[in-house]
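Engineer: Everything below, folded, please.
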Amino acid sequence: MPTSTLIAPQLGHTHKGPYRAGPLRGFTPKVREPLNPVNGWSLLDLIAVFLGALFMAWPAFYNGLPLMYPDILDYVPAGRRVAEALFRHRMSSFYGLHSLIYSVGIYPLHWETTVWPVIALQCLLTSFVLFLVVRSLVPQKTTSRFLVLMLLLSLFSSLSWFASFATPDILGPVLYLCIYLLVFARETISRIERYILYLISWWAIASSFTHLQVVICLCFLLASLAIFHSNSLRKKLIPAAELAGIILLALGAQTAMDTFLYGRSLDNAPRYPFLTARLVGDGVGRQYLVSHCGETNWEICRYEDHLSGNAKDFLWKSSGVWMSAPRDSQERILRQNLPLAIAILRTYPIEQLEQFAGDFWIQLKSFDLDASERHLVIEHSIGKTLPRLQSPFLESRQAHDQLPRHFFSSIEYCVVIGSMLGIATLLPWLWRWRPTRLLGLGFVIISTLPLNALFTGELYMLENRFQGRVIWLVPLLAAMCAWNWQASRSAEAHSGERIRQFWPGR
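Structural biologist: Residues are numbered from 1 along each chain as shown. Modelled structure (predicted):
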């Protein structure tokens, strides 16, 4: 941290400059946040952001194609269907199973021909937001340190892998960093940058229901932090209110889209009974149905012989409940999704809570890259859904299972554990100096990790991909702590020199 941001020892007489007068005894250095005036972007800054995006895309370059996940088989063709409905009024009975806003948003980039522009856009957005984060915390040598950070995160964390997927997974952590910038580092960004962050946040929220759930909880946490703490933190209510407005705009856009595409009744929109699948797959729900199907009229009791297996088998296996049920039966299962969950929780509260706790812990610590590939599923279906991408995919390393995912998963585990130990070591320094922005970044990241594990692990299914897309925020926080600690040590050393100049013998 620059010495101009340090409130120096109170020396008993006035000294012109960044120091104030006062007694020396009991001196404890404190950090004043750097002003970080917004001076615009230089050509070097733009080059750094571009290079950061290139660093992140190395798995895609190595693979010969952006990394593919089965969800891409829904996102890409859905964009065409939605665009035809919006601009040509060619309505369809089915559009897609995932976010239609994300699907139509990336459609002008790929035209069902190539997904490289999608990866380019997402890497550039991620690099841009990360540059703003580094600039807010490291105002000196920002460009060089940003490039070092991007190189390290791209090589030793899951950042580059999820940035190379043509899915909205990377937009989740980008959204949470936008929240940090808008709430805790607002004075370090210009008005134009703030509007860009609003737009990125809106798109990220509208691109995934999980992002929406996490950001709503973050909004409540930020509001609580502002209300129950010092008066200075109450200023955070303004960006929290703006964040709530972005959430409402995203919800309104998604609702308007669904209403236009599916008519006044949204019951026709395709959905999955994730909660029922999780409860049955965990075993407690299956135990409840075996005991009560004879005395209740749950629709799922018609498929009592198909209840074995996990949540994925329930939803997507050809012999599972969902795939074998006709449309009218699926609709009844969806209507009973929440009532069935409440009935199971009332009957087996302790058992279900224990299961929830176990699932939460498994999801929280499962973030390797093994589940980031489903090349066999893609290979089986890509020819029918995306024929133009079939040949490039079959020639990629991913299709031949030649990506070094196990090696990089091992590296990432070591990096995450080392980052946590490093942050824990710096806790006494954080308590002493209490840098507001750094603590704000830590608050957002530390809140995000369990919230992401909670919503994905409990309401959807256990999968390494869900936690892997946010775990790289831990080494990011560790790097920011290390650089700020180093700056504070330099500031203390400089302060000591000033003391010896004014007070020889000290």
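Engineer: how many neighbours does the residue nearest to Asp71 when sequence neighbours are not counted have?
Structural biologist: Leaving aside its sequence neighbours, Asp71 sits nearest to Thr167 (CB to CB, 6 or more residues apart in numbering; 5.3 Å). For glycine as for every other residue, the C-beta is placed from the backbone atoms N, C-alpha and C. As a burial measure, Thr167 scores 26 neighbours (other CB atoms under 10 Å).
Engineer: just checking, Thr167 touches Tyr69?
Structural biologist: Yes: under the criterion of CB atoms under 8 Å, Thr167 makes contact with Tyr69 at 5.4 Å.
Engineer: burial count for Leu261?
Structural biologist: Residues near Leu261, counting by other CB under 10 Å: 20.
Engineer: What strand or helix carries it?
Structural biologist: helix 237-262 (DSSP states H and E).
Engineer: for that helix, packing partners?
Structural biologist: Contact here means 3 or more CB pairs under 8 Å, 6 or more residues apart in numbering; DSSP states H and E; on that basis helix 237-262 packs against helix 72-87, helix 100-110, helix 171-184, helix 191-207, helix 209-227.
Engineer: what is the orientation angle of the following helix or strand past it with helix 209-227?
Structural biologist: Using DSSP H and E, the helix or strand that follows helix 237-262 in sequence is helix 274-282. Counting by axes from the mean of the first three to the mean of the last three CA atoms, to 10 degrees, helix 274-282 points 100 degrees away from the direction of helix 209-227.
Engineer: quick one: average pLDDT of helix 274-282?
Structural biologist: For helix 274-282, mean pLDDT rounds to 78.
Engineer: do stretch 415-435 as well
Structural biologist: Rounded mean pLDDT across stretch 415-435 is 91.
Engineer: can you check stretch 460-480 too?
Structural biologist: 89.
Engineer: Also stretch 208-226?
Structural biologist: For stretch 208-226, the mean confidence score works out to 86.
Engineer: Then stretch 335-343?
Structural biologist: Mean predicted confidence for stretch 335-343 is 84.
Engineer: still on that earlier bit, give me the pLDDT for the residue nearest to Asp71.
Structural biologist: pLDDT, read off for Thr167, is 88.
Engineer: so which strand or helix has the spatially closest residue to Glu193 that is not a sequence neighbour?
Structural biologist: Nearest residue to Glu193 in three dimensions, chain neighbours excluded: Leu132, at 6.5 Å (CB to CB, 6+ apart). Assigned by DSSP H and E, Leu132 belongs to helix 116-137.
Engineer: Check which helices and strands that helix is in contact with.
Structural biologist: Counting by 3+ CB pairs under 8 Å, 6+ apart, helix 116-137 packs on helix 43-56, helix 100-110, helix 142-156, helix 159-163, helix 171-184, helix 191-207, helix 436-459, helix 473-502.
Engineer: Dump it to CSV, restricted to CA.
Structural biologist: Provided in CSV are the C-alpha atoms of helix 116-137 (Å, rounded to 0.1, in the frame of the first residue of the first chain):
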residue,chain,number,x,y,z
TRP,A,116,-15.3,-19.7,-30.1
PRO,A,117,-16.9,-16.2,-30.0
VAL,A,118,-18.9,-17.2,-26.9
ILE,A,119,-15.7,-18.2,-25.1
ALA,A,120,-14.0,-15.0,-26.2
LEU,A,121,-16.8,-12.8,-24.8
GLN,A,122,-16.9,-14.6,-21.5
CYS,A,123,-13.2,-14.5,-21.1
LEU,A,124,-13.0,-10.8,-21.9
LEU,A,125,-15.8,-10.0,-19.4
THR,A,126,-14.1,-12.1,-16.7
SER,A,127,-10.7,-10.4,-17.4
PHE,A,128,-12.3,-7.0,-17.3
VAL,A,129,-14.0,-7.6,-13.9
LEU,A,130,-10.8,-9.1,-12.4
PHE,A,131,-8.8,-6.1,-13.6
LEU,A,132,-11.2,-3.8,-11.8
VAL,A,133,-10.9,-5.9,-8.6
VAL,A,134,-7.1,-5.8,-8.7
ARG,A,135,-7.1,-2.1,-9.4
SER,A,136,-9.3,-1.5,-6.4
LEU,A,137,-7.0,-3.3,-4.0
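Engineer: tell me the angle of that helix relative to helix 43-56?
Structural biologist: 120 degrees.
Engineer: what's the angle from helix 116-137 to helix 72-87?
Structural biologist: Going by the same axes, to 10 degrees, helix 116-137 makes 100 degrees with helix 72-87.
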